[in-house]
Each structure stands twice: as C-alpha cells, then as structure tokens.
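Trainee: build me a model:
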Amino acid sequence: MDSLTEAVLRGASPDELERAPVPTEFTAAHIRQEDVGIFDGVADKDVRRSLKVDRVPMPELAPDEVLVAVMASSINYNTVWSATFQPVSTFNALKRYARTGGYNARHDQPFQVVGSDAAGVIVRTGAGVRRWKVGDHVAVNAAVVDEQDPVTHSDGMLGADQKAWGYETNFGGLAHYTVVRASQLLPKPAHLTWEEAACVPLCGGTAYRMLVSDRGARIKQGDIVLIWGATGGLGAFAVQLVKNGGGIPVGVVNSEAKAKQLQKLGCDVVINREEIGIGGEPAAGAGTVELAKRLGRAIRAELGEDPHVVFDHVGRATFGISVIVARRGGTVVTCGSSTGYDHSFDNRYFWMNLKRIVGSHGMNLHEAAEMMRLLKLGSVSPVLSEVYPLAEVGEAARLVQTNSHTGKVGVLALAPEAGLGVTDPQLRARIGEERLGPLRTGLLPQPAPALAR
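Mentor: Numbering: from 1, shown residues only. A predicted model of the protein is given here:
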C-alpha cells in the first residue's frame, strides 16, 4: 500500500496528507479500447466481460482540479452504457474532448475509468483552487462545465461543452482516486457514511432538477406525480421529493417484491405494471392507447384524478404511455431512455390536450447543493440497498443492467468496510437509522459512530 493511501485510511491530518507522495498508479474500474467490438452480434452484452479492475496511471492535476481519494462510489446506468459500448463507444467522446487541447488531452487513453458518483477525501488541490483544501470530505457532482462559457452562469446544463464526468470524461469515480474540477465539489453530509453519500449526487440531483427546479416540472403541493421505475435510484429519490413537497407520488414497479420496498418509502399509490399488462417492450398504436387507459383507470381508482406530472426515464417502453396518461395541461419530464431512445407517441393526446414535454439532463451545481441540503435536514434519505467491493464492480453493474436492484448499488473503493465516514453521529441519531436506510437489504453493517476514515 502506498503511503498516501495508508495516510487516508488512518485519518491522517491535512499536513500528513500533503507530505505523502501521490502514487504513480492507482486501482480503478475501467473499460479498454481494445474491447470495443467484443459484443458485436451478442444478444446479452454482459458488463462483467468488459469491466476491468486493475492499475492505471495517475493523471497530472490541472490548476482548477482536485485529487480525491475515493472512499465509495455507486453504479449508474451510464456505466452500463459505457461498458456495453452503446449506443456509441465513449472512447469517441474522449477523443473529441482531448482534441480541445491543454489538460483535456489527458482524457484520450486506451482505457476509460468509469463512474459518475464518488465521496471521499481531498488529497491535493490545483494552484487555482480557492474554496477547498486538503483533508476536506466531499461528494462529487457529475456535471463538468466550462466556467468561462457565459451561459454556464445562467445554467451549467446549457453549456455546449457540458460533460458527464466518468462517462464523457476519463478518470471517473469507480476507483481509488479520481480527478475532478473544483466546480464539481459539494461538502459531504457529515451524518452519512461514505457509501450513503456516494449514492446521492447523480440520481438525487437529477431527480431534484426534474421535479423541483424551475427548469423542470416545478411540482407544487397536491400534485399527483406518476413515477416509472420508482424503486430505482432516480425513482426512489423522486418519491421522496414528491412527498417532501406535499405532492402525491404514484410509483410504478415490475414486481410484488419491489412494490413492498416502495411502500417503505411512503409512496401513496403503488402499481405493479405486470398486473395491468405493461411489459418491458413498447406497445404500438392502439396497444399503447389501451395500456395507457388501463394505467389511467388504476390511478383514478385510487385518487380520482389523472397525474399532473409523469416522471419518465425509462424511455421507449413507457414514453408513449406517459404522454397519454398525463392530465390535460400536464407535464412529462424525461432525463433518459434506458429501454431505447427512439420514442413514439400519439401526438393527438399531446397537442390537443395542451401538454408539455420537458427535457432534463443532470443537474447544475446549485441544484446538486440544494439536494444535499435536503439530506442534511433529514427531509430526504439515501436510497442505498446494497454494497459491493470495487473488485466485484462487474457484479454490481450487472445488477443494474438487468434491473435486478432496488435503489442505489454502492461500491466501496478505499473504504475497507461499509459504515465508515460518519462525523456527526448526533445528527444521525436524531434522524434515525430506519429513516436513513429505507431500502437496505439488511446485509449492511451499522455505521461506526464518529469514525471518519
């Protein structure tokens, strides 16, 4: 073990961290350019074949960046896209990024370190970093933006050069170390463990932007919100945000087991889509209309009204239904398409009923900070369900790829075990373990109070 990693693990002082030399290599989950064609003609593109865990070279630090010792990370669906090289290989994005020159050239490598979530300890800061210092405990926001682009100061997501860290850039969070811009950093909530904090930024911030932000659906008290995939990472945060904002969440899941998990989140209405005939493949034409009517009848049977907002990140398999089932004047907000990007819907139900479709992508730093504030208030909880070691990242990603998970699947990087990183045990006790772990499988150990390593 190198001296910097050893210092991080024993909770060394900032002075000690600064004196320890940065290793020339580190362990990381990554994909390799040589594997880009391995799934050609293969029906089951199993990410366990393409995700490697091995040593990679440590990149040079730019003036506006920090080096973070990653204690924990989590799996997002973009890691599945990276590891299956679909819809396009992310190596193409790395090459385009590198062509912009300067420090960006580092991102064009024969490997890509993946992962768009992390929580850890700052061990180095670039010469231009002002607000952060070595030893700070941080969580990482996935949005990489150009602070010199004027539109970024209105909304970072509008910048033409905005990128998803660990997906459209290299040196992501599923690793022992990661390089991030100072403008990606958020203080880690002190009452959370490393793995709980790491499961929040991407999915939590995205759900906040989709539902709460003035750039999203702008939910209000009493709004009925239909949430597809309500026990997944995005959906489980969405349920909580709707409840916290005085709305009425209607969660859609694909099994009775997930329906029971959803009830733990306090979801007002739970619908098992298998029971009304909505499968994983999209219907067409009159079939879509019929499925939407079945779903609408199920919602009205419980609440007497149609949804004000539909929260859709599933894509091709659900989008045509979403457009129909939203009430007159309602809104469909979408941030992704895990079942396919080619959406089809009956436009009559859209234009004649004055509905809106809102595209949403990630979150700006302010939205991410607001989501973290809600966690510190105890208004929203992490949705961690289980935790894997970095060595088993392929198994963790496979769970997400096959939709066999609930909530967020955490990955321990440098943290030797789950339950570490809590530096405010009093706040944790006030909020309560049950509130902080609504989707836990029961396999996670209890956090170690006040243990910061």
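Trainee: wait, V380 sits on A236?
Mentor: No: under the criterion of CB atoms under 8 Å, V380 makes no contact with A236, lying 10.0 Å away. The C-beta positions use only the backbone N, C-alpha and C, and glycine is treated the same way.
Trainee: more neighbours, the two?
Mentor: Neighbours per residue, other CB atoms under 10 Å: of V380 and A236, the larger number sits with A236, 34 against 23.
Trainee: list the contacts for that one?
Mentor: A230, L265, V383, T406, G407, K408, P438, L439 (CB atoms under 8 Å, 6 or more residues apart in numbering).
Trainee: repeat that for 7 Å
Mentor: Counting by CB atoms under 7 Å, 6 or more residues apart in numbering, A236 makes contact with A230, L265, V383, G407, L439.
Trainee: again, but for K188
Mentor: Listed by CB under 7 Å, 6+ apart, the contact partners of K188 are A119, H137, V138, A139, A197.
Trainee: bridging residues for the fourth one?
Mentor: Residues found in beta-bridge contact with A139 (criterion: DSSP bridges) are A119, L186.
Trainee: roughly how far apart are it and L375?
Mentor: According to CB to CB, to the nearest Å, A139 stands 10 Å off from L375.
Trainee: so where's the longest strand in the chain?
Mentor: Among the segments of the chain that qualify as a strand by DSSP state E, the longest is strand 65-74.
Trainee: list of residues touching the next helix or strand after that one?
Mentor: Per DSSP states H and E, the first helix or strand lying C-terminal to strand 65-74 is helix 77-84. Contacting residues not belonging to helix 77-84 are listed as 31, 39, 45, 47, 50-51, 90, 112, 114-116, 164, 167, 338, 397, 400-401 [CB under 7 Å, 6+ apart].
Trainee: any residues in contact with both of A139 and L375?
Mentor: V200.
Trainee: comparing those two, which shows the higher neighbour count?
Mentor: A139 (29 against 21).
Trainee: would you confirm that that one contacts A197?
Mentor: Yes: contact between A139 and A197 holds when scored by CB atoms under 7 Å: they sit 5.0 Å apart.
Trainee: okay, and the common contacts of these two?
Mentor: A119, K188.
Trainee: so who does E370 touch?
Mentor: Y208.
Trainee: starting at the chain centroid, how far to the worst-scoring helix or strand of the chain on mean pLDDT?
Mentor: When the helices and strands of the chain are scored by mean pLDDT, DSSP states H and E, helix 256-264 comes last with a mean of 87. With CA atoms, centre = their mean, to the nearest Å as the basis, helix 256-264 stands 21 Å off its chain's centre.
Trainee: other SSEs contacting it?
Mentor: On a contact count with 3 or more CB pairs under 7 Å, 6 or more residues apart in numbering; DSSP states H and E, helix 256-264 meets strand 248-253, strand 269-272.
Trainee: which elements pack onto the longest strand of the chain?
Mentor: Applying 3+ CB pairs under 7 Å, 6+ apart, we find strand 65-74 packed against strand 119-125, strand 177-181, helix 194-198, strand 408-412.
Trainee: low-confidence stretches in this protein?
Mentor: 280-284, 442-453 (pLDDT under 70).
Trainee: if we go to 80?
Mentor: Residues of the chain meeting the criterion pLDDT under 80: 279-286, 441-453.
Trainee: in it, where's the longest helix?
Mentor: Determined from DSSP state H, the single longest helix within the chain is helix 286-303.
Trainee: buried residues in whichever helix or strand comes after that helix?
Mentor: Heading C-terminal from helix 286-303, the first helix or strand you meet, by DSSP H and E, is strand 309-312. Neighbour counts using 16 or more other CB atoms under 10 Å place V309, V310, F311, D312 of strand 309-312 among the buried residues.
Trainee: and the furthest pair within those?
Mentor: Between any two of these, the greatest separation by CB to CB is 9.9 Å, found for V309 and D312.
Trainee: so how far is stretch 211-221 off the chain centroid?
Mentor: 19 Å.
Trainee: gap between the two ends of that stretch?
Mentor: 12 Å (CA to CA, to the nearest Å).
Trainee: and it, which residues are buried?
Mentor: Residues of stretch 211-221 classed as buried: L211, V212, S213, R215, G216, A217, I219 (neighbour count, 16+ other CB under 10 Å).
Trainee: how much space separates A369 from Q240?
Mentor: Relative to Q240, and taking CB to CB, A369 is found at 17 Å.
Trainee: these two: who's more crowded?
Mentor: Neighbour totals were compared for A369 and Q240, and Q240 leads with 23 against 15 (other CB under 10 Å).
Trainee: which strand or helix spans the more buried one?
Mentor: Using DSSP H and E, the element containing Q240 is helix 233-244.
Trainee: that helix vs strand 65-74, what angle?
Mentor: Relative orientation of helix 233-244 and strand 65-74, computed by axes from the mean of the first three to the mean of the last three CA atoms, to 10 degrees: 90 degrees.
Trainee: how far does helix 233-244 sit from the chain's center?
Mentor: Offset of helix 233-244 from its chain centre (CA atoms, centre = their mean): 13 Å.
Trainee: buried residues in that helix?
Mentor: Going by 16+ other CB under 10 Å, helix 233-244 has these buried residues: G233, L234, G235, A236, F237, A238, V239, Q240, L241, V242, K243.
Trainee: list the contacts for L51?
Mentor: Neighbouring residues of L51 by CB under 7 Å, 6+ apart: A29, I31, A83, V393, G394, A397.
Trainee: same check on A230?
Mentor: Per CB under 7 Å, 6+ apart, neighbours of A230: A236, V239, G251, V252, V253, L262, C267.
Trainee: neighbouring strands - and their directions - for the one helix or strand V333 maps to?
Mentor: In this assignment (DSSP H and E), V333 forms part of strand 331-334. Strand pairing for strand 331-334, determined by DSSP bridges: strand 309-312 (parallel), strand 356-359 (parallel).
Trainee: adding distance to E25, write those out as TSV.
Mentor: Shown next, in TSV, are the strands paired with strand 331-334 (distance: least, CB to CB, whole Å):
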stretch	distance to E25
strand 309-312	42
strand 356-359	40
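Trainee: between these, which gets nearest to G296?
Mentor: G296 lies closest to strand 309-312 among those, at 11.0 Å (CB to CB).
Trainee: show me what the closest one is in contact with.
Mentor: Applying CB under 7 Å, 6+ apart, the external contacts of strand 309-312 come out as 210-211, 217, 219, 223, 225-228, 238, 318-319, 322, 325-326, 330-334.
Trainee: give me the distance between the spatially closest residue to S50 that is not a sequence neighbour and G279.
Mentor: Leaving aside its sequence neighbours, S50 sits nearest to A83 (CB to CB, 6 or more residues apart in numbering; 4.6 Å). Between A83 and G279 the computed distance is 25 Å (CB to CB).
Trainee: which of the buried residues of strand 309-312 sits closest to L94?
Mentor: Nearest to L94 among the buried residues of strand 309-312 is D312, at 29.3 Å by CB to CB.
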